[in-house]
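Peer 1: build me a structure from this.
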Amino acid sequence: MHENSNTPRESEAITGVILAGGQARRMGGQDKGLLSLAGQPMIHWVLEALAPQVDHLLINANRHHHRYQRFGHPVIPDRLPDYPGPLAGMLAGMETAATGFIAIVPCDAPLLPGDLVARLAQTRDEQDADIVTAQCGGRLQPTFALIRCTLATDLYEYLTSGQGKIDRWYRQHRLAVLDMEEQAEAFINVNTPEELEDLETRFRQE
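Peer 2: The predicted structure is shown next:
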């Protein structure tokens, strides 16, 4: 990640965590990160966009570890059983990262903007936040976020108490919201075969 100043907070390293641990029920249980898009697994496009923005990368996956390992980054499973949702992947990343913050993105968002992490970090610094998440169309996009890793114990307790809503956990901490209305396409993701086909058409046209 390119540094803009020498202040301790802004120069702190960030680990990117790609969330690929879900069950993808609406995709018939297929592993979304490995679905083909323009001749490459979808996670390829996410990695390509995220890698220049962070200092380290982790892939959170609960299936097909050997296939994800081919991308050359550590693959970490959820610590908790039974697919408890994206928060479990975030927890795995927070516990594994050796940096102060992780930047999370989903594996099915191949139009990730190249300045996402820098903008999240700038908002963190301006508002002294522990968590920064993106917002578009008046709605939070909670799987695009920057999270302080020291919150891992709190998140573990939240999950093991039976809670699972991302927004609710975020709001228990110093949360800042980054409005990205002008980059709405960044949050186009793939939940159905039809959405994958639409995205394939878009990639072919570019």
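
Peer 1: going along the chain, name the helices of this structure.
Peer 2: Taking DSSP state H to define them, one finds helices in the chain at 42-50, 65-69, 86-96, 116-127, 152-160, 166-170, 193-205.

Peer 1: how about the residue nearest to residue 67 when sequence neighbours are not counted, what does it touch?
Peer 2: Take residue 67 and drop its neighbours on the chain: the residue closest to it by Cβ to Cβ, 6 or more residues apart in numbering is residue 34, 6.0 Å away. For glycine as for every other residue, the C-beta is placed from the backbone atoms N, C-alpha and C. The contact partners of residue 34, taken as Cβ atoms under 8 Å, 6 or more residues apart in numbering, are 41-43, 64, 67-68.

Peer 1: now those: which count as buried?
Peer 2: Buried members of the contacts of residue 34, scored by 16 or more other Cβ atoms under 10 Å, are 41-43, 68.

Peer 1: may I ask which helix or strand of this protein has the lowest mean pLDDT?
Peer 2: helix 193-205 (a mean of 78; mean pLDDT, DSSP states H and E).

Peer 1: picking that back up, right, so the helices of the chain: which one is the most enclosed?
Peer 2: Among these, helix 86-96 has the highest mean neighbour count (mean count of other Cβ atoms under 10 Å), at a mean of 23.

Peer 1: mind listing what's buried along the longest strand along the chain?
Peer 2: Looking across the chain with DSSP state E, the single longest strand is strand 139-148. Under the neighbour-count criterion of 16+ other Cβ under 10 Å, strand 139-148 has 140-148 buried.

Peer 1: any idea which of these is closest to residue 106?
Peer 2: Distance to residue 106, by Cβ to Cβ, is smallest for residue 143 among those, at 4.7 Å.

Peer 1: and the furthest pair within the buried ones among the contacts of residue 34?
Peer 2: Distances among those were taken as Cβ to Cβ; the most separated pair is 42 and 68, at 11.8 Å.

Peer 1: fine by me, we can end here.
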